[in-house]
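Visitor: Provided below for reference: sequence and predicted model.
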Amino acid sequence: MEFASYLAGERWSDHPSCTHPLLAGLARLVNDHISDAARPRLAELIPSVIGLTGDDPRLDARIALCAARAALPVVAHERQLAMAVSILSAEHVLAELEGRPADDLSERSRRTLAQVPDATRWAYTFGRGVRISPKGFRRYAAPNTVQLAVRGIAQACVPDPDPLLRDLLAEAIDDCWALLRSGSGSATGTGLERAPATIDPARWADACRLTGVSA
């Protein structure tokens, strides 16, 4: 995120205004939990987060949903419970914002939940009668979900969590761009706050040199 601020011509910061706050938070967490050997591959994603911001409340739900779906199949059991609840909550918030039935789940979420039936049953029982508002989800649940998901993946009993972490960040970026470019759905979101930034070639060359990424 510091390189993103540099490439965007902002003051050097890991909280640049050119990137959605929760997406920037996800990027910082992935950067902190990925191995030193794998970290240079994250630099390839830097240009895609510049200018990726907006006030559409679905962004936070989509980012949290990406994180929970990536984490659910691999994290420890106690975290699986939290991730299953997060998937159902994020889907409920998205359904409300998009005017769909509250129990309308995406096919991908259904497939992910089906991989952990015990956690899914518990999540449905836990969430019965409990509804979270889009505002509450955006403020509390979404950032907590992202944090738990990244930490859970990094600590999961898998041979190599690095590709899972990078793929999570890349998918969240792609999902956000897809939502913002569609410009449809939410009456409360206004989509992109700015056009994608034009990156100074000299700055990008510097970033590639410092991170070891091929320009």
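Guide: The structure has been received and is ready for your questions. Numbering: from 1, shown residues only.
Visitor: what's the neighbour count on residue 145?
Guide: With neighbours defined by other C-beta atoms under 10 Å, the count for residue 145 comes to 28. Heads up, the C-betas are built off the backbone N, CA and C, glycines and all.
Visitor: what sits against it?
Guide: By C-beta atoms under 8 Å, 6 or more residues apart in numbering, residue 145 lies in contact with 64, 67-68, 82-83, 86, 90.
Visitor: can you check residue 157 too?
Guide: 74, 76.
Visitor: so how far is residue 53 from the residue nearest the centre of the chain?
Guide: Central residue of the chain (C-alpha atoms, centre = their mean): residue 63, 3.2 Å from the mean position. Residue 63 sits 12 Å away from residue 53, going by C-beta to C-beta, to the nearest Å.
Visitor: what do these two both touch?
Guide: Common neighbours of residue 63 and residue 53, using C-beta under 8 Å, 6+ apart, are 20, 23.
Visitor: in the chain, where is pLDDT below threshold?
Guide: Low-confidence segments of the chain (pLDDT under 70): 129, 183-215.
Visitor: what ranges do the helices span in it?
Guide: Counting by DSSP state H, the chain has these helices, from start to end: 2-7, 21-33, 40-43, 46-49, 58-71, 77-98, 107-114, 117-127, 134-136, 142-154, 162-182, 201-211.
Visitor: that older thread, look up how far residue 117 lies from the residue nearest to the centre of the chain.
Guide: 26 Å.
Visitor: and if you look at residue 19?
Guide: Residue 19 is 36 Å from residue 117, by C-beta to C-beta.
Visitor: got it, and residue 7?
Guide: 44 Å.
Visitor: those two - which one has more neighbours?
Guide: Comparing residue 7 with residue 117 by other C-beta under 10 Å, the one with more neighbours is residue 7, at 22 against 10.
Visitor: test my guess that that one contacts residue 49.
Guide: No: taking contacts as C-beta atoms under 8 Å, residue 7 lies outside contact range of residue 49: 9.6 Å.
Visitor: how long is stretch 98-113 from one end to the other?
Guide: From its first residue to its last, stretch 98-113 covers 22 Å (C-alpha to C-alpha, to the nearest Å).
Visitor: can you list the buried residues in that stretch?
Guide: 105, 109, 112-113 (16 or more other C-beta atoms under 10 Å).
Visitor: next one: stretch 27-39 to chain centre, how far?
Guide: 15 Å (C-alpha atoms, centre = their mean, to the nearest Å).
Visitor: list the buried residues for it?
Guide: 27-31, 33-34, 39.
Visitor: now do that stretch: everything it contacts.
Guide: Contacts of stretch 27-39 (C-beta under 8 Å, 6+ apart): 1, 4, 14, 19, 42, 45, 49, 146-147, 150-151, 153-154, 161-163, 165-166, 168-169, 211.
Visitor: just the buried residues of those residues.
Guide: 1, 4, 19, 42, 45, 49, 146, 150-151, 153-154, 161-162, 165-166, 168-169.
Visitor: tell me the two of the buried residues of stretch 98-113 that are most distant?
Guide: 105 and 112 (9.7 Å; C-beta to C-beta).
Visitor: could you report the neighbour count for residue 159?
Guide: Using other C-beta under 10 Å: residue 159 sits among 7 other residues.
Visitor: and the gap between it and residue 74?
Guide: 11 Å.
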